[in-house]
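Colleague: Dropping a prediction and its sequence here:
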Amino acid sequence: MARHVSTGDLWWKNAVIYCVDVETFRDSDGDGIGDLAGLTERIDYLAELGITCLWLMPFYPTPDRDDGYDVTDLFGVDSRLGTHGDLVELVRAAGDRGIRVIADLVVNHTSDQHPWFKAARRSKDSPFRDYYVWRTDPPPDTADKVVFPDKEDSIWALDERSGEWYLHHFYSHQPDLNFANPAVRDQIAKSIGFWLQLGLAGFRVDAVPFLIADLDTASDDVPGDPHAYLKALRAFLGRRRGDAILLGEVNLPHAEQQAYFGGDGASGGGGDELSMMFDFIGMEALYLSLARQDAAPVMKALQARPAIHPDCQWATFVRNHDELILDKLSEEERQEVFAAFGPEPEMQIFGRGLKRRLPPMLDGDPRRVRMVYSLLFSLPGTPTLYYGEEIGMGEDLEAEGRMAVRTPMQWEPGPNGGFSTAPPRKLVQRVVPGGYGPEHVNVADQRRDPDSLWHFMRELIQTYRECPELGWGEFCVLQQPAAQVLAHRCRWDGASIVAVHNLSAEPVTTTVRLEPDDLDGADRVWLEDLFAFDSVPVSSGAFELALAGYDHRWFRVHRSTERSP
């Protein structure tokens, strides 16, 4: 199949995903809360940046006790953010500019204010009682299973009216849904069909392991293979819209992650569950490498990725809307990252992560920040950005928990950073204070400055889009002697991209050896620098490269049986 046909059909394999919290992106009506209309006004901005997939955090009706992840209506739009009509306009405007829109699918739990749960609480005979998971006997100690250990001490909560306990892996005001109930599964399918009909191109599936595999109730309440449900969900998605995706949040070891793609990708089977999964293990290893200024941890993590179905993909990221989780590192490794990037208690959260954005963690060093994003976009997979990363936004450490990185987008240097015309006291969240505030970090100033991070990110995204090998190709680490350097190659359809990154502040000169399949049959081989528009000669299968501190280079491999230009 032709390259352009393949990359068009499986669009998610070389997309650029951009995550937005609607309520903190752009306020169009001056009430202090971002809205869908405000986001639509900024679609041209995202198109100019090069975004191809817009991921919306929850916009559903909510009491807003968990930033929208406590949902009271799977089919609704929160009135603070707009209407269904506003959402359709956003999807239409995005589509006109070649941007697909996906949204959070929050179906592991509902709010305790959802009509289903209210009915379930009123009577044990209610048909909605079985929409949730209950037990009559006192639960054992499950403190080690809670997601938010600073807020909850059990995954069971007592409903005093009925005298029974209900399951909740997250907050006690978010009761878990019972996926053993066919009526629940039908409601989820209907909600998916509804949003696809309005134009969404898929979903980011929240907390997938909790969604289909609850070990505490597996023997009684989730009969059979839980993956069968995910397969059925994916099949339904495909019937309703063939190019729609399920992007899963699955923070598990590699061996367990592979099953959520739908089987053993090496044997050609599977590929019938999640379309994509976030690479949490690679992300955590990247921060350990940055802390040590040693490429070995991230190199090891990338090489340990399991084989997956060719239609599936890893989503790569350096930051998201939650805490920067480090739970897959050992305690000693985690403390190394804490010491390097978040040594103060107020920078840490849940004992397992950091509530910081990347630039402050790297002391604002522009060389290091750019090197990290260059590495992100060069890794095999689909890069995912969190809003504000393109301008180097910081965090508000005084905000509670995860809200530290969910601050208003900084559009201008003026009041409220151009996010809203409301008085500051009415903002849904205060603007980042201090040196990373909008007077110093904002879109308007950076768009006018050709040397800004925004312009760097725009060029990086454009170059990535011109290199389908990075999303589709076979990955390998290239041999070279410097511990602080990661050199790797992605090869697809006979073409190769080579990327070299120096994770250290110290300059280094290294010799990188290409793989034999980039040399076979060629009289001459040379590398085209994709950013410097220069060339590097290859001699005897290797090339020498002088790298400044935190330097980064991308090359396209050229082979010729004729004289090199």
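Modeller: Sure, I can see it.
Colleague: Contact partners for residue 327?
Modeller: By CB atoms under 8 Å, 6 or more residues apart in numbering, the contact set of residue 327 is 251, 284, 334, 352-353. Every C-beta, even on glycine, is put in place using the N, C-alpha and C of the backbone.
Colleague: Could I have the buried ones of these as ChimeraX selection syntax?
Modeller: Buried residues among the contacts of residue 327 (16 or more other CB atoms under 10 Å), as a ChimeraX selection:
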select :251,284,334,353
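Colleague: biggest separation within the contacts of residue 327, which pair?
Modeller: Farthest pair in the contacts of residue 327 (CB to CB) is 251 and 334. Separation: 14.4 Å.
Colleague: Next, format the contacts of residue 327 as a markdown table and append pLDDT.
Modeller: Formatted as a markdown table, these follow (pLDDT from 0 to 100):
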| residue | pLDDT |
| --- | --- |
| 251 | 93 |
| 284 | 98 |
| 334 | 98 |
| 352 | 93 |
| 353 | 96 |
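Colleague: Sitting in helices, which of the contacts of residue 327 do you find?
Modeller: 284, 334 (DSSP state H).
Colleague: Out of the contacts of residue 327, flag the one nearest to residue 367.
Modeller: Out of the contacts of residue 327, the member with the shortest distance to residue 367 (by CB to CB) is residue 284, at 22.9 Å.
Colleague: In contact with the closest one, which residues are there?
Modeller: 301, 325-329.
Colleague: my read is residue 332 is in a helix, agree?
Modeller: Yes - the assignment for residue 332 is a helix, going by DSSP: H, G, I helix; E, B strand; the rest coil.
Colleague: one step back: for the contacts of residue 284, which one is nearest residue 553?
Modeller: Checking these against residue 553 with CB to CB, the nearest one is residue 301 at 21.8 Å.
Colleague: List of residues touching the lengthiest helix in the chain?
Modeller: Among the segments of the chain that qualify as a helix by DSSP H, the longest is helix 182-197. Contacts to helix 182-197, defined as CB under 8 Å, 6+ apart, come from residues 74-75, 103, 105, 107, 127, 130-131, 177-179, 203, 229, 232-233, 236-237, 240-241, 244.
Colleague: Next SSE downstream of the helix or strand bottoming out on mean pLDDT in the chain?
Modeller: Using mean pLDDT, DSSP states H and E, helix 218-221 stands out as the lowest-scoring helix or strand of the chain, at a mean of 43. Counting by DSSP states H and E, the element after helix 218-221 in chain order, helix or strand, is helix 227-240.
Colleague: hey, C-alpha coordinates of that following helix in CSV?
Modeller: The C-alpha trace of helix 227-240 is given here as CSV (Å, rounded to 0.1, in the frame of the first residue of the first chain):
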residue,chain,number,x,y,z
HIS,A,227,-11.0,-8.3,27.8
ALA,A,228,-14.0,-9.6,25.9
TYR,A,229,-15.9,-6.4,26.9
LEU,A,230,-13.2,-4.2,25.6
LYS,A,231,-13.1,-6.2,22.3
ALA,A,232,-16.9,-5.7,22.0
LEU,A,233,-16.5,-2.0,22.7
ARG,A,234,-13.8,-1.6,20.0
ALA,A,235,-16.0,-3.6,17.5
PHE,A,236,-18.9,-1.3,18.2
LEU,A,237,-16.7,1.7,17.7
GLY,A,238,-15.5,0.4,14.4
ARG,A,239,-19.1,-0.3,13.2
ARG,A,240,-20.2,3.2,14.0
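Colleague: Which residues belonging to that helix are considered buried?
Modeller: Applying 16+ other CB under 10 Å to helix 227-240 flags 227, 229-230, 233-234, 236-237 as buried.
Colleague: Surely residue 291 touches residue 343?
Modeller: No - using CB atoms under 8 Å, residue 291 makes no contact with residue 343, being 11.3 Å away.
Colleague: about what we covered before: ok, so of the contacts of residue 284, who is nearest residue 517?
Modeller: residue 301 (24.0 Å).
Colleague: Number of residues surrounding the closest one?
Modeller: 21 (other CB atoms under 10 Å).
Colleague: now swap in the one 3 residues further on and tell me
Modeller: Applying other CB under 10 Å, we find 13 residues neighbouring residue 304.
Colleague: next one: residue 539
Modeller: So residue 539, with other CB under 10 Å, has 11 neighbours.
Colleague: for residue 508, same thing?
Modeller: 18.
Colleague: cool, residue 207 as well?
Modeller: 19.
Colleague: ok, now residue 73?
Modeller: Look at residue 73: counted by other CB under 10 Å, it has 16 neighbours.
Colleague: so where does it fall, helix or strand?
Modeller: Here residue 73 is assigned to no helix or strand, by DSSP H and E.
Colleague: ok, it touching residue 60?
Modeller: Yes - counting by CB under 8 Å, residue 73 touches residue 60, with 6.0 Å between them.
Colleague: Narrow the contacts of helix 182-197 to just the buried residues.
Modeller: 74, 103, 105, 107, 130-131, 177-179, 203, 229, 233, 236-237, 241, 244.
Colleague: Nearest to residue 425 among these?
Modeller: Using CB to CB, the buried ones among the contacts of helix 182-197 come closest to residue 425 at residue 103, 30.3 Å.
Colleague: Tell me the confidence at the closest one?
Modeller: Looking at residue 103, its pLDDT stands at 98.
Colleague: And the pLDDT for the residue nearest to it when sequence neighbours are not counted?
Modeller: Once flanking residues are discounted, residue 103 sits nearest to residue 56: 4.4 Å by CB to CB, 6 or more residues apart in numbering. pLDDT, residue 56: 98.
Colleague: With the one 3 residues further on instead?
Modeller: The pLDDT attached to residue 59 in the predicted structure is 98.
Colleague: That one and residue 22: what is the separation?
Modeller: 5 Å (CB to CB, to the nearest Å).
Colleague: And for residue 198, the neighbour number?
Modeller: 14.
Colleague: Sorry, slip of the keys, the one I care about is residue 47.
Modeller: 16.
Colleague: Next, work out how far apart it and residue 17 are.
Modeller: 14 Å.
Colleague: how long is stretch 149-160 end to end?
Modeller: 23 Å (CA to CA, to the nearest Å).
Colleague: What average pLDDT does it get?
Modeller: 93.
Colleague: got it, and stretch 412-424?
Modeller: 97.
Colleague: just how off-centre is that stretch within its chain?
Modeller: 27 Å (CA atoms, centre = their mean, to the nearest Å).
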